[in-house]
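In: After the sequence you'll find the predicted model.
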Protein chains: 2
Amino acid sequence: MKAEIITIGGELLDGSQADLNAAYLGSRLTSLGAQVVRVSTVPDAVDDIEEVTLRALDRADLVFTTGGLGVTADDRTKQAVARLFGRKLVLNEDVLDGVRARFDARNLPMPEINIAAAMLPEGARPIENQRGTAPGLLFEKGGALLFVLPGVPVELRSMFENFVSPFLEGRGLRPLAQERLIRTTGLPESEIAERVEQLARRLARTDVVYLPSVTGVDLKVIGRGHTPVEAAKTAEKSQEKIAAKLEPYVYARGDESLEKVVGYLLSMGESTLSVAESCTGGRLGWRLTRVPGSSEYFQGGVIVYSDELKQRLLKIKAGVLKKHGAVSGETASEMARGVREKCATDYGLAITGVAGPGGGTKDKPVGVVFIAVAGESGERVQELRLAGSRGTIRRAACQAALDLLRRFLLNIEEVR
Amino acid sequence: MKAEIITIGGELLDGSQADLNAAYLGSRLTSLGAQVVRVSTVPDAVDDIEEVTLRALDRADLVFTTGGLGVTADDRTKQAVARLFGRKLVLNEDVLDGVRARFDARNLPMPEINIAAAMLPEGARPIENQRGTAPGLLFEKGGALLFVLPGVPVELRSMFENFVSPFLEGRGLRPLAQERLIRTTGLPESEIAERVEQLARRLARTDVVYLPSVTGVDLKVIGRGHTPVEAAKTAEKSQEKIAAKLEPYVYARGDESLEKVVGYLLSMGESTLSVAESCTGGRLGWRLTRVPGSSEYFQGGVIVYSDELKQRLLKIKAGVLKKHGAVSGETASEMARGVREKCATDYGLAITGVAGPGGGTKDKPVGVVFIAVAGESGERVQELRLAGSRGTIRRAACQAALDLLRRFLLNIEEVR
């Protein structure tokens, strides 16, 4: 099946926003087995939208528009598709009830302007918007399907996953390539390539894509086959062989986050955790609490950004700070032990470092970070030398701290 | 002048890469005063490239292609434009010398395949590639210009800055549009539209673009004029008039983040801040410490995710937690006061709420969040009813808390 994507909005043309919706739809449609043959971006203008949609419906079996579905004057997609199909916009009472309910739930009066969200082209099938006001639309024209979707990314994704994807699978779209993920942290991409590349070339019907980021390298293992089941089997076997070459840097075989893996390990041991953060300012806690249900093992902790709070909240001795400095293995270790005791948890995890851009010295340049974990059985401290911007250093430091905890919980010896 | 952008490559269609080249070109062309009217993405296929380029040359004064210019088999752009103009590919000796010189400079033999880089359509003007092998191309057709540029971002950018931009300025292109930003939080997009739309329609030579996100709505105000200075004046006047309609929800006239604005206010007053976070788990601290130099006013705080830590670290009385619940105005208020005292700071800022997906009750459903600020002069508490995913609720709660602090510091009365 051929698919075309039409993204709508001036912010995509003048470069104020990169077109991430097209990338999302392209990736999802490809993994469902469709072939994306064109992406077009046009302004919120009825003529442009109508012209490009008509041409796309001529060429492709599936056409997707995103954007221009809101209720402000510059949202024109509905008018354009109504004109294209020669339909009028009429009030859909069900949709209006839904919109009203969204405002009621938040105890807000519904501004009049939102009635526009419930004005739909006659005969269009509305697609429920669980994350916003304006519904999506589905049209059929000859053999082709036109999906009119919102431009707000969370709304688009929710609609695609909850409605479009199951709908297309119901129409017989079948993925003949299957992806499996391997998530690693702590090894640079070049070293991963050295360990894996020969094997990857030998594996039949398998492609490997490296996805490096600030927090590690993910490997996408794509297996092919004549049926979805065969493709899945290929992908899984290849995944296992490649992952074996990368232990113990592999933290997940699948799309689990490192905080989720760590949470799972803590839950298994019925253990609790607290954190003490200096240069990361709270990010470690934020990441741990991204996982729903993390209250089972995560208690909280302290943000000790200033040296004064390191002493006041964690009773770190002025002598230690003076002798070794706030950025040192000794301070990291005292922070981990201190927060574990203060919060009465099984484990304490700590980060202190120089995130920059200022604050670096000859001995402790920007990028030097110490992480430490403390538990009943002892503790472990690690020094990191990170590169990049303030944001990059802080993100990488949190990832390394979570991985230190993972290896501590799994009794994996020190690495690198 | 109207411009169109054509990006070429399968990796842009299957979503393995977001189209950042289109965003770069869009932004640069807009700031040069051109109006980008369409972006099209096609595969490396001669037919598609030829068709979409022909149509673009019909509609626009300036057409840019990126990608498909390399020397491997799947690079087809040159063939496509040669066919389009009815020209043959011929060897350009000057270009070949340049390619050879690149290899010589690195003491490498030139692989034969690179001769293809010097095969250019007859009559095309080559554009020097300072960062790679294959040159760009410039064609004129009637009044329209076609720039054929590489897809590798550093090559594209270097060619645009060193050749395209000066060339277009030589042709009289002047930045006749200027942008100014207004950043708001606390008002839904529909209400902003109601307050602003009439005015926006009346403002001469001004466009307004709404950029909604989880943390608020930004308004991009675009002013036009016959000279860059005139355009800037128009943009600034319109920005001021529109911002006046949106007070006190405007936190920045420019691209500053809310944490930066709050940091500035704290610095001005030589004041210090600490935070107490429950459902946001550390995000508030993370955001405040994104600002380099935030240690001047931000001390740190506590992450009191569990009720036990609320009592242990902040001495919140079990009675308050029992009577009003951990998610209540009373608890938020005690948290703000408690952390202010514990950390000996001028202000304390606190968040407690139900971020979901579980944990909601009839009285306190998912999305109910209380935020509080405490200072020497008193305190303020606000109840929020937020919608969306766990991530959305937590992000929006942090933004609202920072804005509560902003309004408290500025003595702005309660809103909504």
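Out: That came in fine, so what should we check first?
In: What is the burial count for the residue nearest to A:Gly33 when sequence neighbours are not counted?
Out: Spatial nearest neighbour of A:Gly33, chain neighbours left out: A:Pro175 (4.6 Å); criterion: C-beta to C-beta, 6 or more residues apart in numbering or on different chains. Using the backbone N, CA and C atoms, a C-beta is placed for each residue, glycine as well. Residues within reach of A:Pro175, counting by other C-beta atoms under 10 Å in any protein chain shown, total 15.
In: thinking A:Pro175 is in contact with A:Val229, fair?
Out: No: taking contacts as C-beta atoms under 8 Å, A:Pro175 lies outside contact range of A:Val229: 10.7 Å.
In: For stretch A:321-329, buried residues please.
Out: Across stretch A:321-329, burial judged by 16 or more other C-beta atoms under 10 Å in any protein chain shown covers A:Leu321, A:His324, A:Gly325, A:Ala326, A:Val327, A:Ser328.
In: List, one by one, the residues from the stretch 251-400 of chain A near chain B.
Out: Counting by C-beta under 8 Å from any C-beta of the partner chain, the stretch 251-400 of chain A comes close to chain B at A:274-275, A:277, A:279-286, A:288-290, A:292-295, A:298-306, A:308-309, A:312-313, A:342-344, A:356-358, A:390-391, A:394.
In: Pick out the most distant pair among the buried residues of stretch A:321-329.
Out: A:Leu321 and A:Val327 (10.0 Å; C-beta to C-beta).
In: so what secondary structure elements neighbour the stretch of helix or strand A:Glu194 belongs to?
Out: Here A:Glu194, judged by DSSP states H and E, is contained in helix A:189-202. Under the contact criterion of 3 or more C-beta pairs under 8 Å, 6 or more residues apart in numbering or on different chains; DSSP states H and E, helix A:189-202 touches strand A:206-213, strand A:216-224, helix A:228-246.
In: mind listing what's buried in that helix?
Out: A:Ile192, A:Val196, A:Ala200.
In: Tell me how many other residues surround A:Leu349.
Out: Using other C-beta under 10 Å: A:Leu349 sits among 31 other residues.
In: hang on, it in a strand?
Out: Yes: under DSSP: H, G, I helix; E, B strand; the rest coil, A:Leu349 sits within a strand.
In: Run through the bridge partners of it.
Out: A:Val275, A:Val373 (DSSP bridges).
In: I figured A:Ile222 was touching A:Leu203, is that so?
Out: No: using C-beta under 8 Å, A:Ile222 is not in contact with A:Leu203; the gap is 10.5 Å.
In: that's a helix at A:Ser158, yeah?
Out: Yes: according to three-state DSSP, A:Ser158 belongs to a helix.
In: tell me the pLDDT at it?
Out: On pLDDT, A:Ser158 comes in at 96.
In: Give me the phi and psi for the nearest residue in space to it that is not next to it in sequence.
Out: Closest residue to A:Ser158 apart from its sequence neighbours, by C-beta to C-beta, 6+ apart: A:Arg131 at 4.7 Å. With angles defined as degrees, to the nearest 10, A:Arg131 shows backbone torsions of phi -120, psi 0.
In: list the contacts for A:Arg131?
Out: Counting by C-beta atoms under 8 Å, 6 or more residues apart in numbering or on different chains, A:Arg131 touches A:Val152, A:Val154, A:Glu155, A:Ser158, B:Gly388, B:Ser389.
In: how about those residues in a markdown table, adding secondary structure and neighbour count?
Out: Formatted as a markdown table, the contacts of A:Arg131 follow (DSSP: H, G, I helix; E, B strand; the rest coil; neighbours: other C-beta atoms under 10 Å in any protein chain shown):
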| residue | secondary structure | neighbour count |
| --- | --- | --- |
| A:Val152 | coil | 23 |
| A:Val154 | helix | 17 |
| A:Glu155 | helix | 22 |
| A:Ser158 | helix | 20 |
| B:Gly388 | coil | 20 |
| B:Ser389 | coil | 17 |
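In: A:Pro121: which of those is nearest?
Out: Using C-beta to C-beta, A:Glu155 comes nearest to A:Pro121 of these, at 19.0 Å.
In: Tell me which of the helices and strands packed on helix A:189-202 sits most buried.
Out: Greatest average neighbour count among the helices and strands packed on helix A:189-202 goes to strand A:216-224 (a mean of 20), per mean count of other C-beta atoms under 10 Å in any protein chain shown.
In: now the stretch 101-250 of chain A, which segments are flagged as low pLDDT?
Out: Counting by pLDDT under 70, the stretch 101-250 of chain A has no low-confidence residues at all.
In: Enumerate the residues of it near chain B.
Out: A:102, A:105-108, A:111-114, A:131, A:133, A:152, A:154, A:209.
In: Let me know the closest of the buried residues of stretch A:321-329 to chain B.
Out: A:Ala326 (10.7 Å; C-beta to the nearest C-beta).
In: So what does the closest one have for phi and psi?
Out: Dihedral angles for A:Ala326 - degrees, to the nearest 10 - are phi -70, psi -30.
In: Test my guess that it contacts A:Thr352.
Out: Yes: applying C-beta under 8 Å as the test, A:Ala326 and A:Thr352 come out as touching, 6.0 Å apart.
In: Now for the two: what residues contact both?
Out: With C-beta under 8 Å, 6+ apart as the test, A:Ala326 and A:Thr352 both reach A:Ser278.
In: ok, and the nearest residue to A:Leu32 once chain neighbours are set aside, which helix or strand is that part of?
Out: What sits nearest to A:Leu32 in space, not counting adjacent residues and going by C-beta to C-beta, 6+ apart, is A:Leu173, at 5.1 Å. Secondary structure from DSSP H and E places A:Leu173 outside every helix and strand.
In: quick one, what contacts A:Leu173?
Out: By C-beta under 8 Å, 6+ apart, the contact set of A:Leu173 is A:Met1, A:Leu32, A:Gly33, A:Ala34.
In: Most neighbours of all the residues you listed, which one?
Out: A:Ala34 (21 neighbours).
In: For B:Lys260, see how far away that residue is.
Out: To B:Lys260, A:Ala34 is 43 Å away according to C-beta to C-beta, to the nearest Å.
In: next one: A:Val369
Out: From A:Val369 to B:Lys260 the distance is 24 Å (C-beta to C-beta).
In: okay, the two: which has more neighbours?
Out: Taking other C-beta under 10 Å, A:Val369 and B:Lys260 do not tie; A:Val369 has more neighbours (28 against 19).
In: can I assume that one sits in a helix?
Out: No: read with three-state DSSP, A:Val369 is strand and lies in no helix.
In: That one pairs with what?
Out: A:Gly353, A:Leu384.
In: I'd guessed it sits against A:Ile393; true?
Out: Yes: using C-beta under 8 Å, A:Val369 is in contact with A:Ile393, at 6.9 Å.
In: shared neighbours of the two, which are they?
Out: Applying C-beta under 8 Å, 6+ apart, one finds that A:Val369 and A:Ile393 are jointly contacted by A:Cys279, A:Gly353, A:Ala355, A:Leu386.
In: Tell me which of these fall in strands.
Out: If you go by DSSP state E, the shared contacts of A:Val369 and A:Ile393 have A:Gly353 in strands.
In: Neighbour-wise, which one of the shared contacts of A:Val369 and A:Ile393 leads?
Out: The residue in those with the most neighbours, by other C-beta under 10 Å, is A:Ala355 (30 neighbours).
In: Once you drop chain neighbours, what's closest to that one?
Out: A:Ala355 sits nearest to A:Cys279 (C-beta to C-beta, 6+ apart), 4.4 Å away.
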